[in-house]
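> here's my sequence, what's the structure:
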Amino acid sequence: MSHSAAFHSFEEYAQRLTEAFTVPGASIGLAKDGQLVYEKQLGYRDVENRLPVTIDTVFGIASMTKSFTCLAIMQLQEAGKLSVHAPVMTYLPEFRLKAAGAAERMTIHHLMTHSTGLPPLATALLAAKRSMELDPDQSEDERELLAVGEMIDTHAQLFDYLEGLDIELLGPPGTQFSYSNDSYALLGLIVERVSGQRYEDYVKEHILQPAGMDRSGFFLEEADDNVTSLYIQKVIDGSKQPYPSNYWPDSPLFRASGFLKSTVRDILKYADIYRTKGLAGGERIVSEESINQMITPHIACEPGCYYGYGLMLTPDYFGTLLVEHSGSLKGVASKMYVIPEQGITGAALTNLYGSPVAALLNGACNAYAGRLSSASLRLPDATWARGRVHGRVFLERRHGGSHGMDRRQARAHNG
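Numbering: from 1, shown residues only. Have a look, this model is predicted:
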């Protein structure tokens, strides 16, 4: 099948998918060896005003932010300011847990690989509570969730909360995978402590600007008007329909876990850092060795799939390595692909939580490779996946859902 025929078939497939899931708007892009080879936009960034999505429309990317945090950590390790194998308490001496010796055994490596042994916690929700209470479209489920505890507004409150928890670790650090936004909140603070910069400023200066990602950032006030509206699903006339809800959630303590905004064009520039093993805009911003550490399969998280440093790894994606990550948040479903051996990078962004963003990007990659758009790898067995990661983590992730929390919490926060 020719590329043109394959992409025509994909576009019919993508249209069916977005209609079935009532996705207001989506943007998809593929690059080969750093050059854009395909882009497709579907629907609108603003349905009411019929404003179309473009490749430069700003979307939330949610947990795709985690790889930016890990890239910052690797840069700081190269600068001699930290070691990923040093205890977390070396840089955050306030970090304490009730379990004797537990905090002392946890390293930066364990934070980056979601393998501290901490079970899923409510901290991310409590840290977003102040923002969520301002959302005029807050659901009854979310109001119930907000009643689970007091707000966490400061790092001191976060440390106090963690120290006061009566929890049993899932296992010794490094032995169990359990997706943890809390770990990435701590990583963000480590970046600030050792760099002397605010986390958001460090990422902008050392990653976004060198990569030419001039439409990406953490603050909407820095963007122009080509920004998507956010959509949630409401039951209207007996069926679920997308409904505009333009209050963007925020959580300053947890920005390192999932609050960056970007575009498909910018994400393709970012993904190229991994394709080129450390180059951004033709200049080296991190060593090849550090990139190799990031894409090393450090811990299994489902059959045939592993976690590196802020990145998911599938060693046998149609016979080659796939490096990827997704994200989910209110009004956000995002996915990034890097297929290093083939020089392929891809990105897909949508403006509705729960959108089939993985199927859209996988379908585009299939079309480029001459496969059927719907060709996919087998989903993991639900019983095994839940037992392995102690929650509804990866079964929901494959459907655009959450990591380490139920779907109500995920729409409120990120995964």
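
> please, which helix or strand holds the closest residue to I61 other than its chain neighbours?
In space, not counting the residues next to it along the chain, I61 is nearest to S334; the distance is 4.4 Å by Cβ to Cβ, 6 or more residues apart in numbering. Where C-beta positions appear, they are placed from N, C-alpha and C, glycine not excepted. With the criterion set as DSSP states H and E, the secondary-structure element containing S334 is strand 332-339.

> hmm, back to that, run through the bridge partners of the residue nearest to I61.
Residues in a beta bridge with S334, per DSSP bridges, are G327, L349.

> that one reaches L352, doesn't it?
No. When contacts are counted by Cβ atoms under 8 Å, S334 is not listed as touching L352 (11.3 Å).

> okay, these two: which has more neighbours?
S334 (31 against 27; other Cβ atoms under 10 Å).

> how far away is that one from T116?
Taking Cβ to Cβ, to the nearest Å as the measure, S334 falls 25 Å from T116.

> roughly how far apart are C301 and S115?
Applying Cβ to Cβ, one obtains 9 Å for the distance of C301 from S115.

> which neighbours do the two have in common?
Residues touching both C301 and S115 by Cβ atoms under 8 Å, 6 or more residues apart in numbering: 177, 307.

> before we move on, the earlier item: list the contacts of the residue nearest to I61.
For S334, the residues meeting the contact criterion (Cβ under 8 Å, 6+ apart) are 59-64, 326-328, 347-350, 357.

> what strand or helix carries R130?
Per DSSP H and E: helix 129-132 holds R130.

> buried residues, that helix. List them.
For helix 129-132, the neighbour count (16 or more other Cβ atoms under 10 Å) marks 129, 131-132 as buried.

> show me the contacts for G117.
Neighbour list for G117: 102, 106, 110, 169-173, 175-176, 178 [criterion: Cβ under 8 Å, 6+ apart].

> ranges for the strands of the stretch 301-415 of the chain?
Per DSSP state E, counting those that start in this stretch, the stretch 301-415 of the chain has strands spanning 305-307, 312-317, 320-329, 332-339, 344-350. These are given in chain order.

> in CSV, list the C-alpha atoms belonging to the last one.
Right, the one you point to is strand 344-350. Backbone C-alpha positions of strand 344-350 (Å, rounded to 0.1, in the frame of the first residue of the first chain) are rendered in CSV as follows:
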residue,chain,number,x,y,z
ILE,A,344,10.5,8.0,13.5
THR,A,345,9.0,10.4,16.1
GLY,A,346,5.3,11.1,16.6
ALA,A,347,2.9,13.1,18.7
ALA,A,348,-0.8,13.3,19.2
LEU,A,349,-2.7,15.8,21.4
THR,A,350,-6.4,16.1,22.1
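
> which helices and strands does it pack with?
Based on contacts counted as 3 or more Cβ pairs under 8 Å, 6 or more residues apart in numbering; DSSP states H and E, the elements that strand 344-350 packs against are strand 25-32, helix 264-275, strand 332-339, helix 357-369.

> what angle separates the strand holding S334 from helix 357-369?
Direction vectors for strand 332-339 and helix 357-369, defined by axes from the mean of the first three to the mean of the last three Cα atoms, to 10 degrees, enclose an angle of 30 degrees.

> surely S131 and R255 touch.
No. Taking contact to mean Cβ under 8 Å, the distance of 11.4 Å between S131 and R255 leaves them out of contact.

> what about E78, how many neighbours?
E78 is flanked by 15 other residues according to other Cβ under 10 Å.

> tell me how far it lies from L71.
11 Å.

> residues shared between the contacts of the two?
For the pair E78 and L71, residues contacting each of them under the criterion Cβ under 8 Å, 6+ apart are V286.

> check what pLDDT the closest residue to R284 other than its chain neighbours gets.
With Cβ to Cβ, 6+ apart as the measure, G278 is the residue that lies nearest to R284, at 5.4 Å, once sequence neighbours are left out. For G278, the model assigns a pLDDT of 98.

> just list the residues touching G278, thanks.
If a contact means Cβ under 8 Å, 6+ apart, then G278 has 284-288, 290-291 as its contacts.

> out of those residues, which end up buried?
Judged by neighbour count, with 16+ other Cβ under 10 Å as the criterion, the buried members of these are 285-286, 290-291.

> out of those residues, which is nearest to Y247?
Set against Y247, the nearest of the buried ones among the contacts of G278 by Cβ to Cβ is I285 (34.3 Å).

> now that closest one: closest residue in space that isn't a chain neighbour?
Looking at I285 with Cβ to Cβ, 6+ apart, the closest residue is P210, at 5.0 Å.
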